[in-house]
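Participant: pasted the sequence and its predicted model underneath.
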Amino acid sequence: GKDNLGMHPSLQGLHKIWQQSDMAWIQGIGYPQAVLSHFRSMDILDSGSNANQVIEDGWLTHVLPHFKQGLHGISVSNGGGQLGPLHSSRLNSVSMQSPDMFVKQSKSIQSITPVSSTPALAHLTQTQNQLYEVGMQLREKMTRSLRGQKRVRSKGVLGHSLESVAQMIIAGIDSPVYKVTQDGFDMHSGQIGRHNNVLYQLDHGLSRFATTMKQNGLWDKVVVVTYSEFGRRAAENRGGGTDHGTASAQFVMGGGIRGGLYGKHPNMNQLDTNGNVAHTTDFRQVYATLARQIWRQQNHPWKGHRTIPFI
């Protein structure tokens, strides 16, 4: 029951958001025939595919082009990061380390009219045109927005990425999706101290992001969604860590979220031969919910999956 569940002690800031009913936890997230390879399972989560399918495009390809034209998404992380669910030739998305650095680099990009004589040339010229336009938008809007603002530097890679995202949202950058990344959860040994640290960074970065959104009257207009390629094995290994597992938990938060616990908690008494729990909620139920409730799209590949009433 819910009385037997709790949040990690390092998540003090996020616990306050939970108490304000602005956070929904979804239990037992996974998919049939779970794959325990980081790269393959991440491809499955990014594309919304079955375990035996290989789909190149990110799952947002099925939603965002029907939602709006122009810029579809920005990925922000140290080193630029991967586009993940935003990866597709049909999506106008960019990857950056920070908006400041992107603006500096984009000054060398020339304006170009897309050419469609060949598919390869069409892709190249469209990409260059997109980078130029995003650079222009960032230069104009960010300069205006940051003038006179006090900037408090966040800690850690995730904190810096979320600070950049907050700045772009406040500036009114025309991007419906932002992707950030936090590594460090693959703990096959010595988990306790390292786990505390990465969860503290998660808590610090997201709590500060939520506070910034509230201060700017934007908390009701943002939805934060976490996802990971898989969970961890139920039992600790000999190295004091946990090995690759199956079902996991994720959370959704924002001013418009119906806080609470969703999905069925996996049965810890029915582990498979590897010591893994069975998933109880298909991850594509989250995608179906976001597609329908956030972007008002009814026609998508996950229509057969039930939505989850967290919005």
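Facilitator: Thanks, I have it. Only a predicted model underlies this, so the values are computations on that prediction, with no experimental measurement involved.
Participant: number of residues surrounding residue 117?
Facilitator: Residues lying near residue 117 (other Cβ atoms under 10 Å) number 8. All C-beta spots, glycine's among them, are computed from the backbone N, C-alpha and C.
Participant: ditto for residue 188
Facilitator: Counted with other Cβ under 10 Å, residue 188 comes out at 14.
Participant: distance from the chain centre to the strand or helix carrying residue 169, please.
Facilitator: Secondary structure assignment for residue 169, by DSSP states H and E: helix 156-171. How far helix 156-171 lies from its chain's middle: 13 Å, per Cα atoms, centre = their mean, to the nearest Å.
Participant: and stretch 179-197, by the same measure?
Facilitator: Using Cα atoms, centre = their mean, the offset of stretch 179-197 from its chain centre is 17 Å.
Participant: which ones are touching the residue nearest to residue 180 when sequence neighbours are not counted?
Facilitator: Distance criterion Cβ to Cβ, 6 or more residues apart in numbering; nearest residue to residue 180, sequence neighbours excluded, is residue 161 at 4.1 Å. Residues counted as contacts of residue 161 (Cβ atoms under 8 Å, 6 or more residues apart in numbering) are 76-78, 180-181, 205.
Participant: okay, the helix or strand just after the helix holding residue 169 in PDB with CA atoms only?
Facilitator: Once helix 156-171 ends, the next helix or strand along the chain (criterion: DSSP H and E) is strand 177-180. The C-alpha trace of strand 177-180 is given here as PDB (Å, rounded to 0.1, in the frame of the first residue of the first chain):
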ATOM      1  CA  VAL A 177      10.100  20.400 -25.500                       C
ATOM      2  CA  TYR A 178      13.400  20.500 -23.700                       C
ATOM      3  CA  LYS A 179      15.600  17.500 -22.900                       C
ATOM      4  CA  VAL A 180      18.200  17.300 -20.100                       C
END
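Participant: what sits up against strand 177-180?
Facilitator: So strand 177-180 is in contact with 60, 64, 72-77, 81, 83-86, 158, 161-162, 165, 168-169, going by Cβ under 8 Å, 6+ apart.
Participant: mind redoing it with 7 Å?
Facilitator: 60, 64, 72-77, 84, 86, 158, 161-162, 165 (Cβ atoms under 7 Å, 6 or more residues apart in numbering).
Participant: just the buried ones from the contacts of residue 161?
Facilitator: 76-77, 180, 205 (16 or more other Cβ atoms under 10 Å).
Participant: figure out how far the biggest helix by length in the chain is from the centre of its chain.
Facilitator: The longest helix of the chain (DSSP state H) is helix 119-146. Centroid separation between helix 119-146 and its chain, computed with Cα atoms, centre = their mean, is 22 Å.
Participant: which helices and strands does that helix pack with?
Facilitator: strand 93-96, helix 99-106, helix 156-171 (3 or more Cβ pairs under 7 Å, 6 or more residues apart in numbering; DSSP states H and E).
Participant: residues in contact with residue 307?
Facilitator: 285, 288-289, 292.
Participant: ok, and the closest non-adjacent residue to it?
Facilitator: Closest to residue 307 by Cβ to Cβ, 6+ apart is residue 289, at 4.3 Å.
Participant: same check on residue 265?
Facilitator: Using Cβ to Cβ, 6+ apart, the nearest residue to residue 265 is residue 27, at 4.9 Å.
Participant: secondary structure class for that neighbour?
Facilitator: strand (DSSP: H, G, I helix; E, B strand; the rest coil).
Participant: now do the one 5 residues further on
Facilitator: Counting by three-state DSSP, the backbone at residue 32 sits in coil.
Participant: quick check: the residue nearest to residue 180 vs residue 15, distance?
Facilitator: 22 Å (Cβ to Cβ, to the nearest Å).
Participant: need the contact list for the residue nearest to residue 265.
Facilitator: Per Cβ under 7 Å, 6+ apart, neighbours of residue 27: 249, 261, 263-265, 280-281.
Participant: kindly recompute the last result at 10 Å.
Facilitator: 2, 5, 247-250, 261-266, 279-281 (Cβ atoms under 10 Å, 6 or more residues apart in numbering).
Participant: just the ones of those residues in strands?
Facilitator: 248-250, 261-262, 281 (DSSP state E).
Participant: please indicate which of the residues you listed are buried?
Facilitator: 248-250, 262, 281.
Participant: so for stretch 136-154, mean pLDDT?
Facilitator: Averaged across stretch 136-154, pLDDT comes to 69.
Participant: residues of the helix or strand of the chain with the lowest mean pLDDT that come out buried?
Facilitator: Here the helix or strand of the chain ranked lowest by mean pLDDT, DSSP states H and E is helix 119-146, holding a mean of 76. Across helix 119-146, burial judged by 16+ other Cβ under 10 Å covers 125-135, 137-139, 141-142, 145.
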